[in-house]
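**Q** No letters, just coordinates:
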DNA sequence: CGTTCATATTCTCGAACAGGTATATTCGCT
DNA sequence: AGCGAATATACCTGTTCGAGAATATGAACG
């Protein structure tokens, strides 16, 4: 997933998909990429699980897949404490989530975080 | 910065640095990397602004630089909205969205997605 | 001053990657 | 069925990347 996000064009595609599903041609035009290049980038994004494809006649609509972003957020969480160690609600909330995953504490808010192993033990 | 984060070894280094500044040798040993390789990765991380160096005699302590993580978080912010709404009612809404995108049915999840004219009716 | 430890840099090689062109596939339309 | 639009794949090419070996810098210490 990280290598998929490493490319600026792919991030641009994701940014466009933020506004809703789009066909390849539109992404290609908006990102100023050739159509084959766009298709290849979309393939990488799809194999990384970042987007999913919705077949629509001869078109293929691509849509964001939110799950990997949650994974990214989970990775970022420990670092978030660093850059702003004194957040009002957010930081405490995240700390709570972190603690919850360790001691099984008040698990009432984001219990859907425990989806699959991130491959990063 | 993204390309710096794309490498698993570099992410491992950052993960180690979470526990505090460390000299190169320690990182090298912990990540099972050769010393030159570690130095090269650290150079990339440094040029990406992700770590900073603290010279200490003939040693060089590397420490996390929190700022770029904030940048990452800012980039992630728009997507966070997405997965939050998805996690909210995971299974049912995914099915609903799926159906909606096939028959153009009740667009209940589209709160503020269609803000800009995509030029694609 | 020379030795040794810790780190950085250079070089080279093989693999991976991005972009371009040409071609294949699939669906809708007439 | 055949044509055309939309998308995917294959092939080629120049570039980048990461690992490894050899070497250079630089500081402590005898």
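**A** Great, that's in hand. What you are looking at is a predicted structure, and each value in this text was computed from that prediction instead of being measured. Numbers count the residues shown, from 1 in each chain, chains lettered A, B, ... in the order given.
**Q** So the longest helix along chain A, near chain B or not?
**A** Using DSSP state H, we find that the single longest helix of chain A is helix A:67-83. Yes. Judged by Cβ under 8 Å from any Cβ of the partner chain, helix A:67-83 and chain B are in contact via A:67, A:69-70, A:72-73, A:75-76, A:78-80, A:82-83. The C-beta positions use only the backbone N, C-alpha and C, and glycine is treated the same way.
**Q** Buried ones among these?
**A** Restricting those to buried positions leaves A:67, A:69-70, A:72-73, A:75, A:79-80, A:83, with burial counted as 16 or more other Cβ atoms under 10 Å in any protein chain shown.
**Q** what's the longest helix of chain A packed up against?
**A** Judged by 3 or more Cβ pairs under 8 Å, 6 or more residues apart in numbering or on different chains; DSSP states H and E, helix A:67-83 is in contact with helix A:90-103, helix B:8-17, helix B:67-88.
**Q** same thing but at 7 Å, please
**A** Contact analysis of helix A:67-83 by 3 or more Cβ pairs under 7 Å, 6 or more residues apart in numbering or on different chains; DSSP states H and E lists helix A:90-103, helix B:67-88 as its packing neighbours.
**Q** quick one: average pLDDT of that helix?
**A** Averaging pLDDT along helix A:67-83 gives 87.
**Q** what angle do it and helix B:8-17 make?
**A** Per axes from the mean of the first three to the mean of the last three Cα atoms, to 10 degrees, the angle that helix A:67-83 makes with helix B:8-17 is 40 degrees.
**Q** ok, so of the buried ones among the residues of helix A:67-83 next to chain B, who is nearest chain B?
**A** Nearest to chain B among these: residue A:83, at 3.2 Å, using Cβ to the nearest Cβ.
**Q** Could you double-check that the closest one lies in contact with residue B:67?
**A** Yes. At 6.4 Å, residue A:83 counts as touching residue B:67 under the criterion of Cβ atoms under 7 Å.
**Q** Tell me, please, where in chain A the pLDDT is lower than the cut-off.
**A** A:84-121 (pLDDT under 70).
**Q** swap the cut-off to 80 and go again
**A** Across chain A, the ranges flagged by pLDDT under 80 are A:83-121.
**Q** domains for it, by residue range?
**A** Domain assignment of chain A by automatic domain parsing yields the ranges A:2-64, A:67-113.
**Q** tell me the most buried of these?
**A** domain A:2-64 (a mean of 17; mean count of other Cβ atoms under 10 Å in any protein chain shown).
**Q** hmm, that domain in reach of DNA strand D?
**A** Yes. Judged by Cβ under 7 Å from any atom of the strand, domain A:2-64 and DNA strand D are in contact via A:23-25, A:28, A:35-36, A:38-40, A:42-43, A:53, A:58-60.
**Q** Out of those, flag the one nearest to residue A:5.
**A** residue A:42 (13.8 Å; Cβ to Cβ).
**Q** between the helix or strand hosting that closest one and helix A:8-17, how many degrees?
**A** Per DSSP states H and E: residue A:42 is located in helix A:35-47. If you take the same axes, to 10 degrees, helix A:35-47 sits at 80 degrees to helix A:8-17.
**Q** rewinding a little: can you put the residues of helix A:67-83 next to chain B in a markdown table and add distance to DNA strand C?
**A** A markdown table is the format used below for the residues of helix A:67-83 next to chain B (distance: Cβ to the nearest atom of the strand, whole Å):
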| residue | distance to DNA strand C |
| --- | --- |
| A:67 | 21 |
| A:69 | 19 |
| A:70 | 23 |
| A:72 | 17 |
| A:73 | 23 |
| A:75 | 19 |
| A:76 | 22 |
| A:78 | 23 |
| A:79 | 21 |
| A:80 | 27 |
| A:82 | 21 |
| A:83 | 23 |
